[in-house]
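Trainee: Using only what follows, build the 3D model:
(one chain, ligands or ions: 2)
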Amino acid sequence: MRAAVYYGNSDVRIEDVAEPEPGPGRVKVKVHRNGICGTDLHEYYDGPIFISAGDPHPLTGQAMPVVLGHEFSGVITDLGRDVTGLTVGDRVTIEPVYRCGECRPCRSGHYNLCTSIGFHGLMADGGMAEYTVVPVNQVHKLPDAVSLDLGALTEPMAVAYHAATLGEVGDQDSALIYGAGPIGIGLWFALRGLGLTRIDVVEPSPTRRTAIERLGASTLDPTVVDVPALIADRTDGNGVDAAFDAAGVAPAVESALACVGERRPLISVAIYDRPLPTPLLNLVLRERRIQGTLCYTSEDYRAVLDLMSKGHYDTKGWVDTVPLSDVIDGGFSELRAGRRMKLLVDPAL
Ligand SMILES: [Zn+2]
Ligand SMILES: [Zn+2]
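Mentor: Ligands and ions are numbered 1, 2, ... in the order given. This next block holds a predicted model:
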């Protein structure tokens, strides 16, 4: 079968590899679509970062070379021994997190923070291939109303949903989202799903603003609007109930910390390439806080799939498909150049 195999920095090859067979407790999935993630771009252009160039991962036993792809949907085509509750033909989406089940975060239910965390598609052969094999505890069946295309977006949408829940907001609350990339869009869907109606998305790029506006969002252009002044004006100086940083740059953090209310959080769901010079006195004086967020657990997957089945998510205008054979030029380069927002790889092409 064909697969996108990561051999190191700027070296991903589309090549023929052996079809994987499911061992005990595992299922074989024919991949329908696999999303290209910012993490994949980081590995390709700046990596290896998470992918091990040397020691095999303690949970998966694998190191480079590795088949990429951790955001995917597909159909089960084969079952390993001792698999119950799943059958051939099931339409599924995969939760790519391998966890040990024994460390403190795992024992307290926060396995997204497992001290030996591993990812399908980074530390085990992933979904940018015609087939892949996954442990049953990482498989979620798609509800009938959720298409396989939409199902491939469950992973990034679950990242955003988990972040949204950490904002501790309810339907009467207001929120600000910084950044209208795929995670910013996911935050908007998630917060809407939690009942919020007062949400603004702060985004300097006109293309990204247009994309999220088409989904129904209201946006602010920080290059022309003084966002903290506007929010202060609108809220009698009280600020918003939560801010979410999906941009990862200093001006976003600074603006967000000036907008969020007293004792309220700024949720960070970005990769910060550089240290921030932001003055934290802003945070001290109002007992504001910055809260990190990582991945998701199966609870977030279930919540996203439920919202998807109720029609809460829309892929119009920001999601496109690219053939596996063109994943570098038509995929990675296009995303890096900002010409596309989200691309799903079709491994059959
Ligand atoms: Zn990802
Ligand atoms: Zn663990």
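
Trainee: what's the burial count for the residue of the chain found nearest ligand 1?
Mentor: In the chain, the residue that lies nearest ligand 1 is Cys37 (3.0 Å; C-beta to the ion). (Each C-beta comes from the backbone N, C-alpha and C, glycine too.) Counted with other C-beta atoms under 10 Å, residues neighbouring Cys37 total 24.

Trainee: Wait, it touches Glu71, no?
Mentor: Yes: when contacts are counted by C-beta atoms under 8 Å, Cys37 is listed as touching Glu71 (5.7 Å).

Trainee: what do these two both touch?
Mentor: For the pair Cys37 and Glu71, residues contacting each of them under the criterion C-beta atoms under 8 Å, 6 or more residues apart in numbering are 155-156.

Trainee: how about the residues of the stretch 201-349 of the chain that lie near ligand 1?
Mentor: Proximity of the stretch 201-349 of the chain to ligand 1 is not found for any residue under the rule C-beta under 5 Å from the ion.

Trainee: which residues in the stretch 201-349 of the chain form helices?
Mentor: Applying DSSP state H, counting those that start in this stretch to the stretch 201-349 of the chain gives helices spanning 206-214, 227-234, 250-259, 281-284, 298-309, 333-336.

Trainee: Could you identify which of those is most buried?
Mentor: helix 250-259 (a mean of 22; mean count of other C-beta atoms under 10 Å).

Trainee: what's that helix packed up against?
Mentor: On a contact count with 3 or more C-beta pairs under 8 Å, 6 or more residues apart in numbering; DSSP states H and E, helix 250-259 meets strand 174-178, helix 227-234, strand 242-245, strand 265-268, helix 281-284.

Trainee: who's in contact with that helix?
Mentor: Outside helix 250-259, the residues that touch it by C-beta under 8 Å, 6+ apart are 176, 178-179, 202, 222, 227-228, 231-232, 239-240, 243-245, 266, 268, 270, 274, 276-280, 282-283, 288, 290.

Trainee: Can you list phi and psi of the residue nearest to Lys310 when sequence neighbours are not counted for me?
Mentor: Of all residues not flanking Lys310 in the chain, Ala145 sits nearest, at 7.8 Å (C-beta to C-beta, 6 or more residues apart in numbering). As for Ala145, its main-chain torsions (degrees, to the nearest 10) stand at phi -80, psi 0.

Trainee: swap in Val75?
Mentor: Backbone torsions for Val75, taken as degrees, to the nearest 10, come to phi -120, psi 130.

Trainee: could you list every residue that touches it?
Mentor: By C-beta under 8 Å, 6+ apart, Val75 lies in contact with 29-30, 32, 89-92, 148.

Trainee: mind running it again at 7 Å?
Mentor: When the contact criterion is C-beta atoms under 7 Å, 6 or more residues apart in numbering, the partners of Val75 are 29-30, 32, 89, 91.

Trainee: In the beta-sheet assignment, what are the partners of it?
Mentor: Counting by DSSP bridges, Val75 forms beta bridges with Lys30, Arg91.

Trainee: Can you name the residues that contact the spatially closest residue to Ser116 that is not a sequence neighbour?
Mentor: In space, Ser116 comes closest to Cys100 once its chain neighbours are excluded; the distance is 4.7 Å by C-beta to C-beta, 6+ apart. Shown in contact with Cys100 (C-beta under 7 Å, 6+ apart): 59, 106, 114, 116.

Trainee: Could you identify which of those residues has the most neighbours?
Mentor: Neighbour counts for the contacts of Cys100 peak at Cys114, which has 20 neighbours (criterion: other C-beta under 10 Å).

Trainee: Specify which member of the contacts of Val75 is nearest to ligand 2.
Mentor: Val29 (24.1 Å).

Trainee: what about the closest residue to the closest one other than its chain neighbours, how many neighbours?
Mentor: Taking C-beta to C-beta, 6+ apart as the measure, Val29 lies nearest to Gly74, with 4.1 Å between them; neighbours along the chain are not counted. If you count neighbours by other C-beta under 10 Å, Gly74 ends up with 29.

Trainee: Against ligand 2, how distant is Gly74?
Mentor: To ligand 2, Gly74 is 26 Å away according to C-beta to the ion, to the nearest Å.

Trainee: Surely that residue and Lys28 touch.
Mentor: No: Gly74 lies out of contact with Lys28 (C-beta atoms under 7 Å); the separation is 9.4 Å.

Trainee: which residues touch Val240?
Mentor: Contacts of Val240 (C-beta under 7 Å, 6+ apart): 174-176, 231, 259-261.

Trainee: Show me which residues of stretch 167-175 are buried.
Mentor: Of the residues in stretch 167-175, those with enough neighbours to count as buried (16 or more other C-beta atoms under 10 Å) are 167, 169, 173-175.

Trainee: per-residue confidence averaged over stretch 195-203?
Mentor: For stretch 195-203, the mean per-residue pLDDT is 98.

Trainee: go on, stretch 23-36?
Mentor: In this model, stretch 23-36 has a mean pLDDT of 98.

Trainee: and the helices of the stretch 201-349 of the chain, which one's lowest on average pLDDT?
Mentor: Among these, helix 281-284 carries the lowest mean pLDDT, at a mean of 88.

Trainee: and it, what does it pack onto?
Mentor: Judged by 3 or more C-beta pairs under 7 Å, 6 or more residues apart in numbering; DSSP states H and E, the packing partners of helix 281-284 are helix 250-259.
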